[in-house]
Each structure stands twice: as structure tokens, then as C-alpha cells.
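# show me how the following folds:
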Amino acid sequence: MKAIKYAERGLTMIAGGLFDSIQVINKYKPNPSFTPKWSDKPLLKSWQKTKPTLGWPRTTDSLCPNCVIEARQDILDGKKDVLVLLNEKVGEIKAQIVERDGQIWMVKDCPIHGHFEDLMAIDAKFLKHIEATFPGRDIQAHNDEALHNHGSSTVRYGRGAVLTVDLTNRCNMMCDPCFMDANQVGFVHELTMDEIKEILDNAISIKPRRQMSVQLSGGEPTISPHFIEAIRYARKVGYNSVQAATNGIEFAKSKEFCRQAAAAGLRYVYFQFDGVGNDANGHRQVGNLFDVKLRAINNLHEAGVEIVLVTTLVNGINNDQVGSIIRFALDNPKKIAFLSFQPVSFTGRDEAITPERRLQQRYTLSHLAYDVKNQVGITEPTRDWFPLSLMGAFADFADLVHGPNSEWDQVSCGCHPNCGVGTAVMVDKETREMSPVPAFLNIPGLVKDMQKITDAARRKWASNIMMGLTLLKHYRPFNAPSQFNLYELFKKFDKSFGLTGKNYGKVSGDRSKDDIEKRRADRWNFLFIAGMWFQDLFNYDFRRTEMCIIPYGTQEGEISFCAYNTGIGWRNIIEHMHQNATVAKWYDEHGRHEIFAGGKNVPLSDAAHKLVLNEVDLARPNKPEMEGPKTAHEEKVMMRKLYHEMVLKQQQIKSGNGDKPVQIQSLGRKKEAAVVAL
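Modelled structure (predicted):
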């Protein structure tokens, strides 16, 4: 095998020289960009891409956490019209992004509510590296006014990567944190099938026409009566990737339900997975949640659905699980192909967090990069991690090769560099040998050369040949897994972007079980490790919102993920506008759905699975310890206790008839303000 590696090394040197020689000629008189069918504007050259202001110190537009909550409540109470959000800059203040003791902080002052600050990165060098490799903003949205019209929160750049559609605000769990405060808002908001169809139809009516991944979410989407039909319809209108953001309970309970979803066209599950073992999932308050997760993975994989593990990371709660989850994926490479770590966003049920707990529990993308290094021993934070938007350069090349007659664009992650980061590991499914991709493929060099090819805009096969040369040029064979070779490298690239037209198994709506097995037959698992950090009111930046790649499809258009779940709180407003019924009325007409909380177990007919578990990780030897309340609920209990002890003092009232308890009328109160001024 070593002889092959030496031969490959020789080829990389020849390819590098050949590429550079051709590029001397190729850079002159580049072809003009064409306008594809899916757009009314031509493809962008790399030098035409704009960038928001980056670096520090810098000033940006942000929000006062308390002003926003007050304004939102006025709209919900009918004191202000929702149109104020389109015509005024409600709650907006300036924020400074500064370096302090090697860290990056956002600081801002409200003339009414005072000073706020929050951590953005524990290492300025890491964030500097991420921002330096940002390739620029994606194509500007156009002919989109019908869907993108939300004042300061309007999505202005990019084509989106994931269209999220909340089927229902009902859920079969009671998690803290929860973006939507599921089961707690007093009413049900649930889309009809006609509304689902309208949202999906609208999404492909604007330009650019986006080949996004449609994510059915909630609440818990699997308890919507339209879940299966919604999958089928999304596939019918042309989306080749439909996924469900799920806790997995319904999939764990029924193999038949998994088969029905797969047959309808469910390609991925965006699978809530907070750690290895029931203890690591204990904060979700379901007694056997990890057993549920394992059974769901087993059932879904058997049915032909791929699994993306999604982990909300909270400092002091489950930050020790980064290494455990990556090892779990590396030990099960045939079943797990993608990890999405999400640093906590204090919104929804957790919006009223105290400053003390917020700073204790704050977790950033830089925390993630260093935890991967320290807990797993792979990747260097300032060398091997890149903004998710770097993938846009690969999408741009694929758009070029697919040509002007393509009906759909490529999925492109054109988000702000502060929003998401990623790295990847190539894993041998047979031996489990692995190597970080940046160790054997020079990613920055590859991207720069790829941009040169895309900018030249030559024909399909000329561009593909140049792409092959640059892959060779930047390949480091001795750092790759021992059985990995150039053929596998080319195949991986072609399979991901469909450059040559070779059939690796269809992903379209008419795919079969044979197509699924054909794609799975690949010996190599490209395990992508992503970090996606959604904003909250304390670190909100409108430069990020306007570049959102995860729009929510709603009854009032498409809204940035962060503007919907936090920001001014479009979710609260739209769900109130379009609520179906009060919870009491809904239960009366439809019955109660089962909720697993308070340590209740999910009944499983069979808990068997075929996953490899690490005994050390199951024991959780490095479990973090955090003093004080850990959730919004615990904070409210503590504050109630302090109120009784310090204000009411729980004094017994003596009378001639003996001791009698004081009867105190319950206090009606609105949601507390987010924070007090620091």
C-alpha cells in the first residue's frame, strides 16, 4: 500500500505543476457568467461577492433584550399593530464587537434598560481565522418580495440551505431550552395540509429557485396528522432532500411508521441527541430517553433513512459530551454520517434567563472547536475548522458544471461566518480507521483554485478536468486513511455534486430501496462535524439575520431562523395570528396527545439495537458540575422560594383557634423581562 501512496504523491506533484501552467493561460479572458434557469441574475464571480464588515472592533445593529420583549407583548396584547415591525426599527440599538483579554465580546447599551454584554468567542484567533476564510455573500435574493418582507429582519442575501416548516407547536416532550416554548403557550398552532402545500409552492416560486433541504419541524412534527403526506408532497414538487427535526419517540415506537416515512420520501432525520447514556440525556426529563434514541436510530436506518445527530450544547450541563458523541459516530460509521452541534440559544422557554446563569451556560463555536481537540484529540481549531459558507465555493463550481439549463440550484451554505463552522473526518466503514479531511486535503488551497476554475467559466468537461487536477494538487496521500486512494477521492467529490452524471443511486423523489443501498455501499463515510450557533437577544446581529440560510416557511412568508425564534419574536406573533384553538378547546375536540416528562418512560415493545457503545462514555467520568439553578423552571422555583422567605417570611398567624395557614391569592403575571441591567 505504501508504494501506491508514493505513486499518488508523485501524481500530486505533476498535477500541481500542470494545473498552475494551464491556469497561467486560463486566467485570461474568462467567459462571462451565464444566467441559469433557476435565477434571473447571472452567477457571481468570486470578486463580485460582497462581505459584511468583519473583524473588530466593529459596530453592528443589535437589539435591547428588554425593549424587544415589551414591544412584542404590546403587539400580542393588541396595543400596537404588527406593521410597526415593517416600518420601524423596534428595539434596535447599536452593539460593539470587541476583543477583551484574547476573547471576543458583544457589548451594547440601551438608554432605557442599561448595559448588556455577552461572550462571542473564547479565542480571538479562532474567530479571526473563521472570518478570514469567509468567501463572501451568496447571490442576492430577487423577485422575492412576496415572501421576504419583514422589516429589519428581512432575508436579503443567499438562496437558503434548509427550509424549515413547523407542522405543529404540539410536542410529546417538555424540554428546556425550547425554541418555541412547546406545550406552554396556551394555544395550538398547527398547519393544515393546504397551508403546507402553499408554503412549499411559494418557496419555489421566487428566484433564485432553491434546491433546499425541506425540514419538517415543530414542536414534534411526527405527531402532526399530515406528517407523511407533507413528506410526499415536498418530494413531489422537486425537493430531493426532506428531513424531520425529531426527538425520535414515534420512530422508536414503530418500525412500520419508519417504513411509511421512508416510502413517502423521508431522506434524513435531524435527530435530537444530547449525549451517550441516559444520564447525559437526563435534563430532557424522560426516564429512558437514550434507549429511545438507540431504538429510533436502529429502526430508521433499517428503513433506509439517514441520521444526522443534533446536539444542543450547554456549558455545565452536557459540554462533556462532544467527545462522546463524536466517538459514538466514529464507532457506528454505517449509521451516522453527520453531526450538528448547536451551542445553546437562550430563547423560547429560556428567554427570561438571569445574567449569572447565562454567562455560566454560554457555549460558543470556539468552545466546540477546542472541545473536539481536547476530548477527541483531532483537528486544530485555527487550521482545520472553516465557516460553513466555505461550502458555497463548491456549490458555485457545481452550478457552473450543471450549466444554464439546470432547473434547480445547488444547496449553498452562504451564512455569516459567525453563524456556523465545520470540519470533517473520513472514516473507513470496515476498519473504522479515520483521518481528519483537512489533514490530507489542503482545503484553503483547494477552494482558492476552485474559485479560479469557476471564475474562468469554461465548459463542463474542461472545468471538470481542471477540478480533477486541483484535487490532485492539494491531496496529501500519506495523511489519508491507509485504504483511501485517489479514485475514492474523485468518487466522493463526484457523488456529492453530480458532476459527471454517473449513477451512484438516485436521491430524487422516485428513488428506490436499491438506490439507497447503492449509495450506502460506499466504503467511506465523510463524517461532517458542524457547529451552528443560533442567535438570542443577547448576541443578536442583523448582519447575520439578513444572510440567513435556514428560513422558516410560514403563513406570513419566509423569515430568518433567528428572527423567527428570537429577535423580535416573529414566531410568537405569527402563531398568535394563526392559532387554531386554545389548548383546552383543542383537547376537547381532538383529545390529548401523550407527553413524556417528569422522568416518565417511553414504552418500547423492543429496546434491541445494533449500535456500538463505548463503556467509558456510558459511565460519563467527566460529567460537569454546575452550582445553582440549571433551567428557567429551576430559576422560577428558586425565585418563588426566595419571595416566600424574604418577602412573605412564611409567618404563621396565631389566633385563639390555633395556627391557620395564610391563604394567598395566586398572582397573574406576564412573562418576566429577559434580564436586568448588568
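
# any chance you could map the strands in the stretch 201-350 of the chain?
Assignment of strands within the stretch 201-350 of the chain using DSSP state E, counting those that start in this stretch yields the ranges 213-217, 242-246, 268-272, 306-313, 336-343.

# nearest to Asn572, of the ones you listed?
Of all the strands of the stretch 201-350 of the chain, strand 213-217 sits nearest to Asn572, with 16.3 Å by C-beta to C-beta. Any C-beta I mention is one placed from the backbone N, CA and C, and that applies to glycine too.

# output the contacting helices and strands for the closest one.
Helices and strands touching strand 213-217, by 3 or more C-beta pairs under 8 Å, 6 or more residues apart in numbering; DSSP states H and E, are strand 162-166, helix 227-236, strand 242-246, strand 268-272.

# give me that answer again for 10 Å
strand 162-166, helix 193-203, helix 227-236, strand 242-246, strand 268-272, strand 552-554 (3 or more C-beta pairs under 10 Å, 6 or more residues apart in numbering; DSSP states H and E).

# so which of the ones you listed comes closest to His142?
With C-beta to C-beta, the closest approach to His142 among those belongs to helix 193-203: 14.8 Å.

# pLDDT of the closest one, averaged?
Averaging pLDDT along helix 193-203 yields 97.

# also stretch 528-538?
Model confidence over stretch 528-538, given as mean pLDDT, is 96.

# quick check: end-to-end length of it?
According to C-alpha to C-alpha, to the nearest Å, stretch 528-538 extends 29 Å from its N-terminal end residue to its C-terminal end residue.

# buried sites along that stretch?
When neighbours are counted by 16 or more other C-beta atoms under 10 Å, the buried residues of stretch 528-538 are found to be Phe528, Ile529, Ala530, Gly531, Met532, Trp533, Phe534, Gln535, Asp536, Leu537, Phe538.

# swap in stretch 295-306?
Applying a neighbour-count criterion of 16+ other C-beta under 10 Å, the buried positions in stretch 295-306 are Arg295, Ala296, Ile297, Asn298, Asn299, Leu300, His301, Ala303, Gly304, Val305, Glu306.

# for the helix or strand containing Ile104, packing partners?
Using DSSP states H and E, the element containing Ile104 is strand 103-110. Counting contacts by 3+ C-beta pairs under 10 Å, 6+ apart, the secondary-structure elements packed against strand 103-110 are strand 58-63, helix 65-76, strand 92-100, strand 114-121, helix 124-132.

# dump the ones you listed into JSON lines; add distance to His633 and mean pLDDT as well.
Formatted as JSON lines, the entries for those read as follows, by distance: least, C-beta to C-beta, whole Å; pLDDT from 0 to 100:
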{"stretch": "strand 58-63", "distance to His633": "25", "mean pLDDT": "98"}
{"stretch": "helix 65-76", "distance to His633": "19", "mean pLDDT": "95"}
{"stretch": "strand 92-100", "distance to His633": "30", "mean pLDDT": "98"}
{"stretch": "strand 114-121", "distance to His633": "22", "mean pLDDT": "97"}
{"stretch": "helix 124-132", "distance to His633": "33", "mean pLDDT": "98"}
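
# could I get these as CSV with distance to Glu198?
Below are the helices and strands packed on strand 103-110 laid out as CSV (distance: least, C-beta to C-beta, whole Å):
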stretch, distance to Glu198
strand 58-63, 30
helix 65-76, 24
strand 92-100, 31
strand 114-121, 38
helix 124-132, 38
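
# export the ones you listed to JSON lines and tack on mean neighbour count?
Compiled in JSON lines, these are given as follows (neighbours: other C-beta atoms under 10 Å):
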{"stretch": "strand 58-63", "mean neighbour count": "20"}
{"stretch": "helix 65-76", "mean neighbour count": "20"}
{"stretch": "strand 92-100", "mean neighbour count": "17"}
{"stretch": "strand 114-121", "mean neighbour count": "19"}
{"stretch": "helix 124-132", "mean neighbour count": "19"}
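
# isn't Ser345 up against Gln535?
Yes. Ser345 lies in contact with Gln535 (C-beta atoms under 10 Å); the separation is 6.5 Å.

# which residues are in contact with both of those two?
Phe561, Cys562, Asn565, Thr566 (C-beta atoms under 10 Å, 6 or more residues apart in numbering).

# send me the one helix or strand in the chain whose mean pLDDT sits lowest as PDB with only the CA atoms.
Among the helical and strand segments of the chain, the one scoring lowest on mean pLDDT, DSSP states H and E is helix 632-643, with a mean of 73. Extracted as PDB, the C-alpha positions of helix 632-643 are listed here (Å, rounded to 0.1, in the frame of the first residue of the first chain):
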ATOM      1  CA  ALA A 632     -35.700  28.500  33.600                       C
ATOM      2  CA  HIS A 633     -38.000  26.300  35.600                       C
ATOM      3  CA  GLU A 634     -35.500  25.800  38.400                       C
ATOM      4  CA  GLU A 635     -34.900  29.600  38.400                       C
ATOM      5  CA  LYS A 636     -38.600  30.300  38.800                       C
ATOM      6  CA  VAL A 637     -38.800  27.700  41.700                       C
ATOM      7  CA  MET A 638     -35.800  29.400  43.400                       C
ATOM      8  CA  MET A 639     -37.300  32.900  42.900                       C
ATOM      9  CA  ARG A 640     -40.600  31.800  44.300                       C
ATOM     10  CA  LYS A 641     -38.900  30.300  47.300                       C
ATOM     11  CA  LEU A 642     -36.900  33.500  47.900                       C
ATOM     12  CA  TYR A 643     -40.000  35.500  47.600                       C
END
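
# how far does it sit from the chain's center?
Relative to its parent chain, helix 632-643 has a centroid offset of 31 Å by C-alpha atoms, centre = their mean, to the nearest Å.

# same thing with stretch 312-329?
Here stretch 312-329 shows a centroid-to-chain-centroid distance of 16 Å under the convention C-alpha atoms, centre = their mean.

# repeat for stretch 60-73
For stretch 60-73, the distance between its averaged C-alpha position and the chain's averaged C-alpha position is 24 Å (C-alpha atoms, centre = their mean).

# swap in stretch 523-531?
Its chain's average C-alpha position is 15 Å from that of stretch 523-531, according to C-alpha atoms, centre = their mean.

# what do you get for stretch 600-617?
Worked out by C-alpha atoms, centre = their mean, stretch 600-617 lies 26 Å from the chain centre.
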